[in-house]
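Engineer: prediction below, plus the sequence it came from.
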Amino acid sequence: MPDNTDTTNTDNTQQEPSQGAAPQHAPSQAPADTGEPHGDPAPDMTDWKAQARKWEKLAKANHEKAEQADQLREKAEKADQLQAQLDKLNAAQAWEKTVGKVSGETGIPVDVLSIVKADSEDKLAEAAKTLQSFAQTGARRTGMGDQSREPDAPQPSSAAAFLAKVNQHAGH
């Protein structure tokens, strides 16, 4: 039996190149193509169309979320405006109650107290007491003359008086 442990190459498919002959290499492989012009892309290639569809879906979702955020922002601004109006109305109502209270305490009418510029109940009460003392003393404003009597009847002008006399003599 032949010895199978021999390491010599008995296979004739590979031979040492003879001198002067070009060395033989393993079958040459073409460099890896970056993409097949026809058919399916290579497995290591990115499917750009699928990626584009994916990013388009994400962009649409982001656009919808941005529109929703804009709508929520507009609603929040509207709510802030309405809250500011409500606060103004509540403040006006509270001030009307304050004016009514001071009016009841001092006897000064509400319409007179509403003219007074005051930013607190204390200042309004102080102004009401000043008005009350002014009304009780019967003080008159200087430069206004006597306001307690009726004004004199207007005097006719000299031309009007002349015409009246002429008409009287003429019998009219």
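Structural biologist: Now that the structure is in, tell me what you want to look at.
Engineer: tell me how many other residues crowd A128.
Structural biologist: Counted with other Cβ atoms under 10 Å, the neighbours of A128 add up to 21. Just so you know, the C-beta spots here come from the backbone N, C-alpha and C atoms, and that holds for glycine as well.
Engineer: please read the previous query as pertaining to K54.
Structural biologist: When neighbours are defined as other Cβ under 10 Å, K54 has 11 of them.
Engineer: now it: which helix or strand?
Structural biologist: helix 48-106 (DSSP states H and E).
Engineer: buried residues, the next helix or strand after that helix. List them.
Structural biologist: Next helix or strand after helix 48-106 toward the C-terminus (DSSP H and E): helix 110-113. Neighbour counts over helix 110-113 (16 or more other Cβ atoms under 10 Å) mark L113 as buried.
Engineer: with just CA atoms, put helix 110-113 into PDB.
Structural biologist: Only the C-alpha atoms of helix 110-113 are listed here, as PDB (Å, rounded to 0.1, in the frame of the first residue of the first chain):
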ATOM      1  CA  VAL A 110     -70.600 107.000  42.500                       C
ATOM      2  CA  ASP A 111     -70.500 109.000  39.300                       C
ATOM      3  CA  VAL A 112     -68.500 111.700  41.000                       C
ATOM      4  CA  LEU A 113     -66.100 109.200  42.600                       C
END
